[in-house]
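Peer 1: how does the following fold in three dimensions:
(one chain, ligands or ions: 2)
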Amino acid sequence: MPTLLSVNLNKIALIRNSRGRDYPSVEHFARIALENGASGVTIHPRPDQRHARNADAMALAALVKDFAGAELNIEGYPSREFLDVVLQARPAQCTLVPDEPGQITSDHGWDIRSHLTFLQEVVAELHAAGVRVSLFVDPDPAQVALAPQTGADRVELYTEDYALKHGEGSHASVIDSYVQAGAAASQAGLGLNAGHDLNLDNLADFLSAVRGVNEVSIGHALTVEALEQGYANVVRQYVAICQAAG
Ligand SMILES: CC(=O)[C@@H](O)[C@H](O)COP(=O)(O)O
Ligand SMILES: NCC(=O)COP(=O)(O)O
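Peer 2: Ligands and ions are numbered 1, 2, ... in the order given. Sure thing, here's the model as predicted:
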């Protein structure tokens, strides 16, 4: 089962918002990503709409229908406003992230035990709308083991710590936590996603160690790498790494 790539378009939206016009177009780069082998696209519309906006969710939900099998993944904190956007867009997947509104970026996974009833209610509402649900979690087997109690379909391993250590040449010190968390997902019957700060240098090592990853969602590094190498070229490189991982 190959790992699928979902391209996060947040940073395209960030550049777009800096001029108040639809340039660059999020939809244009979504098409480039999907035309070059990505299996889906991701956005994370935050409360302040600093980059991805609620309207992008509707536009991308329509756009992915032009590509057989392509999926939209909408990430975010399940506020009422966010859930209403997801219910209107009806993406294939919604990834629930425990971010506070003012966070500069996502930096932790759910404490499932202390949010269990809330997550159960949110998952049930999204399932009723036919949306697959993934929970953003730290690489902690104990958290992963709790995830089925929420009704969620998948977990997404938060990979920033791995990425930072890989950049320092010391990822061996943390990779086992991801391996164990991935094994816990498999034992719990959960699908396994991963994301945050993955890049062209660290992705292959992650996928060779953590087996059975269904989907990686990548955006920040991909966008920066594309500034040097071209968007289509970088997407194709990520797809090749995912396919080589088997
Ligand atoms: C949940 C996660 O780790 C990322 O997908 C997040 O969406 C990144 O958000 P920013 O692009 O706002 O940093
Ligand atoms: N869920 C991770 C994601 O969508 C993109 O994270 P990043 O590659 O922008 O760090």
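
Peer 1: which parts of the chain sit against ligand 2?
Peer 2: Residues of the chain lying close to ligand 2 by C-beta under 6 Å from any ligand atom are 8, 42, 75, 156, 195-198, 217-221. Where you see a C-beta, it was placed from the backbone N, CA and C, and this is true even at glycine.

Peer 1: same thing but 8 Å
Peer 2: For the chain, the residues in contact with ligand 2 (C-beta under 8 Å from any ligand atom) are 6, 8, 10-11, 42, 44, 73, 75, 95, 97, 105-106, 136, 156, 159-160, 193-199, 216-223.

Peer 1: which of the residues you listed count as buried?
Peer 2: Neighbour counting over the residues of the chain next to ligand 2 (16 or more other C-beta atoms under 10 Å) leaves 6, 8, 10-11, 42, 44, 73, 75, 95, 97, 106, 136, 156, 159-160, 193-199, 216-223 as the buried ones.

Peer 1: and stretch 170-189, what's its mean pLDDT?
Peer 2: Average pLDDT, stretch 170-189: 97.

Peer 1: check stretch 218-235 too.
Peer 2: Mean pLDDT, computed over stretch 218-235, is 98.

Peer 1: I figured Leu164 hits His196, correct?
Peer 2: No. Between Leu164 and His196 there is no contact under C-beta atoms under 8 Å: 10.3 Å.

Peer 1: my understanding was that Leu146 contacts Ser114; is that so?
Peer 2: No. With contacts counted by C-beta under 8 Å, Leu146 stays clear of Ser114, the gap being 10.4 Å.

Peer 1: comparing the two, which residue is more hemmed in?
Peer 2: Each of Leu146 and Ser114 has its neighbours counted (other C-beta atoms under 10 Å); Leu146 has more, 22 against 8.

Peer 1: pairing partners for the helix or strand hosting Ser217, with directions?
Peer 2: Per DSSP states H and E: Ser217 is located in strand 215-218. Sheet pairing of strand 215-218 (DSSP bridges) gives strand 4-8 (parallel), strand 191-195 (parallel).

Peer 1: can I get those strands in a markdown table including distance to ligand 1?
Peer 2: Below are the strands paired with strand 215-218 laid out as a markdown table (distance: least, C-beta to the nearest ligand atom, whole Å):
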| stretch | distance to ligand 1 |
| --- | --- |
| strand 4-8 | 5 |
| strand 191-195 | 5 |
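
Peer 1: ok, and the closest non-adjacent residue to whichever residue of the chain sits closest to ligand 2?
Peer 2: In the chain, the residue that lies nearest ligand 2 is Gly195 (2.7 Å; C-beta to the nearest ligand atom). Of all residues not flanking Gly195 in the chain, Ser217 sits nearest, at 4.1 Å (C-beta to C-beta, 6 or more residues apart in numbering).

Peer 1: ok, now which ones touch the spatially most central residue of the chain?
Peer 2: Central residue of the chain (C-alpha atoms, centre = their mean): Ser217, 4.0 Å from the mean position. Residues counted as contacts of Ser217 (C-beta atoms under 8 Å, 6 or more residues apart in numbering) are Leu5, Ser6, Val7, Asn8, Thr42, Asn73, Glu75, Thr95, Glu156, Asn193, Ala194, Gly195.

Peer 1: with Asp99 instead?
Peer 2: When contacts are taken as C-beta under 8 Å, 6+ apart, Asp99 is in contact with Arg46, Gly76, Tyr77, Ser106.

Peer 1: quick check, Thr42 in a strand?
Peer 2: Yes. Assessed by DSSP: H, G, I helix; E, B strand; the rest coil, Thr42 belongs to a strand.

Peer 1: who's it bridged to?
Peer 2: Asn8, Asn73.

Peer 1: isn't it up against Glu75?
Peer 2: Yes. At 6.2 Å, Thr42 counts as touching Glu75 under the criterion of C-beta under 8 Å.
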